[in-house]
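Novice: Got a predicted structure plus its sequence, pasted below:
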Amino acid sequence: MEYFLQLFLGGLSRGSIYALIALGYTMVYGIIELINFAHGEIYMIGAFMGLIVAGVLTAMGWPTLSILVIALIIAVLYSAAYGYTVEKIAYKPLRGAPRLAPLISAIGMSILLQNYVMLAQTPDFLPFPRLIPDLEFMGPYANFLATSDLFIIITSISVMVALTMFIKFTRMGKAMRATAQNRKMAMLVGVNVDQVISVTFMVGSGLAAVGGVLIASHIGQINFAIGFLAGIKAFTAAVLGGIGSIPGAVLGGLVLGWTESFAAGYISSDYEDVFAFCLLVLILIFRPAGLLGKQRSQKV
Amino acid sequence: MEQTQNAVLSVRNMSMNFGGLRALSDVDVEVRSGEIVALIGPNGAGKTTFFNCITGIYTPSEGQVLAYPTNGRKMRADGARSDGVRINGMRTNLVCELGMARTFQNIRLFPSMTALENVMIGRHCRTRAGILGAVLRGPKARREEQEVVDRSYQLLKKVGLEKVANEYSRNLPYGAQRRLEIARALATEPFLLLLDEPAAGMNPQETLELKEMVIRIREEFQVSVLLIEHDMKMVMSLSDRIYVMEYGRVISTGTPAEVSADPQVIRAYLGEESDA
Amino acid sequence: MAVANLLGNLKKSAIAALWLAFLTLPVMVIRVDTVEKTVTWRWMHLAYMLVGSFVLAVAWHFLMDRRDRGAANRDSGGGETQSALSLWLENPSVMRPLMAFGLLVAVAFPWVFSMYQTNILISALIYVVLGLGLNITVGLAGLLDLGYVAFYAVGAYAYALLNHHFQLGFWTVLPLGAILGAFFGILLGFPVLRLRGDYLAIVTLGFGQIVRLVLENWSAFSNGPAGISNISRPGLFGVTYGVDQATTYIYYIMLALVVLTIFVTARLKDSRIGRAWLALREDEIACQAMGIDNTRAKLMAFALGATLASLMGVVFAAKTTYINPASFTFMESAMILAIVVLGGMGSVLGVILGAFLLILLPEYMRAFSEYRMLIFGATMILVMVFRPQGLIRAKRKVYKINTEAA
């Protein structure tokens, strides 16, 4: 039972990271129907920003908890800026182009960003400092829930609640929903669609950065290629929940997290990634609309 | 319901639901051999949905769609019976192969193929060359290919586009694109031609030419025609019979004279533009 | 007007350069060591970044202006613009001697140049065929296959394993590899081909990853990450060759396969099947409504692409005599895709040119090779934005019409 609980909570923590990244995919897809292939790389850059900030501040002798907060904030801001820029360079000029064009451009952007970080930093794995300290009162429960897992779960939940509020209640959130429903109509009623798209990319990228910093601190090392796998898995989560649907992304992230956690725990950890990919393939083939998504019929 | 003599298409009690939305309910439509039948009605009445249902793009929720191929065409699909072929739920390409070819309301040509090649696509289902034939280009494959080219060119001539045979279809003017779609549909050797607003966006002169072309095509290719059209002048002078649709139902049917005298139609549709 | 425009562009470029420099500052300038708790500042990188991004931004704006003007021209009814390169290459009086000359050089190559050079050229030729294969799936039929390299792996492992366990020779496995490739293409194709474009891309990506992960983890089958070594080089009627002779031999095999592939794809492109693929790419619904069996056409394209990839896998395993899963990563698929995209989707000549450019350039400009993937990525973006037709626009055949026939 304890083992089960351990896997359950581990899956929950892992799933919330997937959910954080998946939100970016789903929001962008909801608005411009594009699989932002470079999203995983934004997450990776978020993790690197966390590492750099943490490295500089550690060298300056700052206390751990303040480093965590500052690293998170700077990583979020920088990733948002990256998201904004990526959209302007690789996607905006291709609006209205054939469907494959932005997708290919997105793949190009993903390769570009990976190699840029590899060349500017290093191809090797870099150790990532533990920014989340072990809390005393967690001691008795440490067997099945590390403090960092708890922290990840709590942070993710808070961020997702904040996102929901943002989308539900702010002017920009309403504009986003309107654009997702019907871009032309939104434009006609005066929504600045370009701005909405930019904000969507920035918000999605910021969420990915939170995920990047948290997971890097949890695992303890990063390199330039971590975004690829994380990106595909988060995309799986987004599709699993129903791409375009925000609660769907969260649900999908959790389901994927648990699937991986239990499969690795009870079957074999060698094939952990294979399970994720199989899940992806099966969902797309048998239920492409996902768990919460609506089946879209094509207009003729 | 008994079948009328020489019907080529008979749609009975067809309904189409999208989730909770009933786009078509209990539609009965029949096209007889050699007829030009028009489907009219206000926007959103369900005319294009009707087309999509009988060409296999949508599967009707209820009802029967039966086709009676006149060219002695054999069917590969199941359900081939002497008393008609049930085509609801049949795959789109098989419906076309059976002999029902359509055009689209919002032109759907293949933009980066030439006009000639667009028509040649229509010949696809009447030819057989496979990968080996394409690579080896044996005498049989070459003969077939030349036949495709020649027939397609003849069809372009019929719609007056032979001069632009090698132009990319995206570069053709609007009216020419509409005519090219008709030529492409004819290339599939249909017994029933389905035209979705063929005159949309055309000027009166072009519309007149189109009308004459449709009549000519009926004679020459021995096809029946079912068309959706908003241009009342064209519909009234072209069609043998008219079905009027509103809110997914057929509200009136008959000859142009009968339909335009039907008070229900005048109220529902012609009311605001009866003098047009 | 032009001057104001130029000044405006320079100003915009300066702002863009500052923004990019700011954006890349932490990653470019700072290197941290969290174990030693040291920080290295590399301010020179900032200067490079500023200058580099300014130059790029100026070029970007210049190209953007040109693109917008081009679009305006087309809207006002101007004809298609043709690049000087493709006009020149399509002129038969240039094309024919060029082809003859190219073939001559190709045949003489191993006798004139070193084994090292020949080996490089073999790789380039392998990528030509891979590119042409993917060109069928992506360029002609419009099915974005991101797991293409999986079929390459199928061929390579088929030869490696059959050779290792059953001592089967190259010439026996070559046709087997082709059949196996087609089989896997159809097997994977069946469930996924009804998916829409971008979903198809992701599913194929997933399949590609699954194949690689299985090869990595199922050691009993594939010997895991260690790979399989001592694969036989091709022989001929029992004659086995030494390394140098074998290289020459493989070179000629590859040359023959390239010529064959070009012949096959060029003929397919303008055939009944090729037209169906194009129609499929342009408009799936209209294509089906015109009587084309979409699933069949898609399967054919998918299987044919897979066959060529698998064939190349066999040659690759025979050439290197050692394979492991690291040769079959997503980056490999992306590279082949970059070749097709740069060359021009649907254009046979373009893809050949793209393969030579993208494989040989990094090979001969060593300084450049570190930046190889960076440049591939950038190329894909730039081509999509500024020249979606690629280096050479795919042209449609002008058919000869027999006007006498009625």
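Specialist: Yep, that arrived.

Novice: buried sites along stretch B:170-183?
Specialist: B:Asn171, B:Leu172, B:Gly175, B:Ala176, B:Gln177, B:Arg178, B:Arg179, B:Leu180, B:Glu181, B:Ile182, B:Ala183 (16 or more other Cβ atoms under 10 Å in any protein chain shown). Heads up, the C-betas are built off the backbone N, CA and C, glycines and all.

Novice: Is that stretch positioned near chain A?
Specialist: No: judged by Cβ under 8 Å from any Cβ of the partner chain, stretch B:170-183 stays clear of chain A, getting no closer than 12.1 Å.

Novice: With only the CA atoms kept, save that stretch in CSV.
Specialist: Below are the C-alpha coordinates for stretch B:170-183, written out as CSV (Å, rounded to 0.1, in the frame of the first residue of the first chain):
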residue,chain,number,x,y,z
ARG,B,170,-4.9,29.0,-59.0
ASN,B,171,-4.1,31.6,-61.6
LEU,B,172,-7.4,31.2,-63.5
PRO,B,173,-10.1,33.8,-63.1
TYR,B,174,-13.0,33.0,-60.9
GLY,B,175,-15.5,32.1,-63.6
ALA,B,176,-13.0,29.8,-65.3
GLN,B,177,-12.4,28.0,-62.1
ARG,B,178,-16.1,27.3,-61.7
ARG,B,179,-16.2,25.9,-65.3
LEU,B,180,-13.0,23.9,-64.6
GLU,B,181,-14.7,22.2,-61.6
ILE,B,182,-17.5,21.2,-63.9
ALA,B,183,-15.1,19.7,-66.5
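
Novice: just to revisit the earlier point, any chance of TSV for the buried residues of stretch B:170-183, columns distance to B:Ser10?
Specialist: Below are the buried residues of stretch B:170-183 laid out as TSV (distance: Cβ to Cβ, whole Å):
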residue	distance to B:Ser10
B:Asn171	41
B:Leu172	36
B:Gly175	33
B:Ala176	34
B:Gln177	32
B:Arg178	28
B:Arg179	29
B:Leu180	30
B:Glu181	26
B:Ile182	24
B:Ala183	27
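
Novice: Out of those, the closest to C:Val383 would be?
Specialist: B:Asn171 (23.0 Å; Cβ to Cβ).

Novice: how far out from the middle of the chain is the one helix or strand B:Val148 maps to?
Specialist: Assigned by DSSP states H and E, B:Val148 belongs to helix B:139-158. Distance of helix B:139-158 from the chain centroid (Cα atoms, centre = their mean, to the nearest Å) equals 23 Å.

Novice: can you list contacts of that helix?
Specialist: Contact partners of helix B:139-158, identified using Cβ atoms under 8 Å, 6 or more residues apart in numbering or on different chains, comprise B:115-116, B:119-120, B:122-123, B:127-129, B:133-134, B:137, B:162, B:165, B:180, B:183, B:186-187, B:216-217, B:220, C:271-272, C:399-403, C:405-406.

Novice: Show the average pLDDT along that helix.
Specialist: Helix B:139-158 shows a mean pLDDT of 91.

Novice: how about the buried residues of stretch B:170-183, which pair is most distant?
Specialist: B:Asn171 and B:Ile182 (18.4 Å).

Novice: Would you mind finding the longest helix in chain C?
Specialist: helix C:43-75 (DSSP state H).

Novice: Quick one: buried ones out of the contacts of helix B:139-158?
Specialist: Buried among those (16+ other Cβ under 10 Å): B:115-116, B:119-120, B:122-123, B:129, B:133-134, B:162, B:165, B:180, B:183, B:186-187, B:217, C:271-272, C:399, C:401.

Novice: what comes into contact with stretch C:207-218?
Specialist: A:232, A:270-271, A:273-274, A:277-278, A:281, C:146-150, C:153-154, C:157, C:188, C:192, C:221-222, C:224-225, C:325, C:328-330, C:333.

Novice: shaky segments in the stretch 1-150 of chain A?
Specialist: For the stretch 1-150 of chain A, the stretches with pLDDT under 70 are A:136, A:138-143.

Novice: B:Ser224 bridge partners, please.
Specialist: B:Leu192 (DSSP bridges).

Novice: quick revisit: just the ones of the buried ones among the contacts of helix B:139-158 in helices?
Specialist: Mapping those onto helices (DSSP H) picks out B:Ala115, B:Leu116, B:Val119, B:Met120, B:Gly122, B:Gly133, B:Ala134, B:Leu180, B:Ala183, B:Leu186, B:Ile217, C:Arg272.

Novice: Redo those as TSV? Include pLDDT and distance to C:Leu213.
Specialist: Shown next, in TSV, are these (pLDDT from 0 to 100; distance: Cβ to Cβ, whole Å):
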residue	pLDDT	distance to C:Leu213
B:Ala115	94	48
B:Leu116	94	48
B:Val119	95	48
B:Met120	94	44
B:Gly122	92	45
B:Gly133	82	40
B:Ala134	84	37
B:Leu180	95	49
B:Ala183	95	51
B:Leu186	94	52
B:Ile217	93	58
C:Arg272	92	39
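
Novice: would CSV of those residues with distance to C:Leu174 be doable?
Specialist: CSV is the format used below for those (distance: Cβ to Cβ, whole Å):
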residue, distance to C:Leu174
B:Ala115, 42
B:Leu116, 39
B:Val119, 40
B:Met120, 35
B:Gly122, 39
B:Gly133, 24
B:Ala134, 22
B:Leu180, 45
B:Ala183, 45
B:Leu186, 46
B:Ile217, 53
C:Arg272, 28
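
Novice: gap between the residue nearest to C:Ala201 when sequence neighbours are not counted and chain B?
Specialist: Among residues not flanking C:Ala201 along the chain, C:Leu144 sits closest, at 4.1 Å (Cβ to Cβ, 6 or more residues apart in numbering or on different chains). Distance of C:Leu144 to chain B, given as Cβ to the nearest Cβ, to the nearest Å: 17 Å.

Novice: did I read that right, C:Leu144 in a helix?
Specialist: No: counting by DSSP: H, G, I helix; E, B strand; the rest coil, C:Leu144 is located in no helix; its state is coil.

Novice: For chain A, just list every one of the strands.
Specialist: A:126-127, A:221-222 (DSSP state E).

Novice: Mean neighbour count and distance to A:Phe201 for these - can I get that in TSV?
Specialist: What follows is the strands of chain A, written out as TSV (neighbours: other Cβ atoms under 10 Å in any protein chain shown; distance: least, Cβ to Cβ, whole Å):
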stretch	mean neighbour count	distance to A:Phe201
strand A:126-127	17	27
strand A:221-222	18	23
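
Novice: List just the one of these that sits closest to chain C.
Specialist: In terms of Cβ to the nearest Cβ, the element of the strands of chain A nearest to chain C is strand A:126-127, at 5.6 Å.

Novice: And for the closest one, what's in contact with it?
Specialist: Contacts of strand A:126-127 (Cβ under 8 Å, 6+ apart): A:Leu51, A:Gly220, A:Gln221, A:Ile222, A:Asn223, C:Thr34, C:Val35.

Novice: In ChimeraX, how would I select the buried members of those?
Specialist: Buried members of the contacts of strand A:126-127, defined by 16+ other Cβ under 10 Å, are picked up in ChimeraX with:
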select /A:51,222,223 /C:34
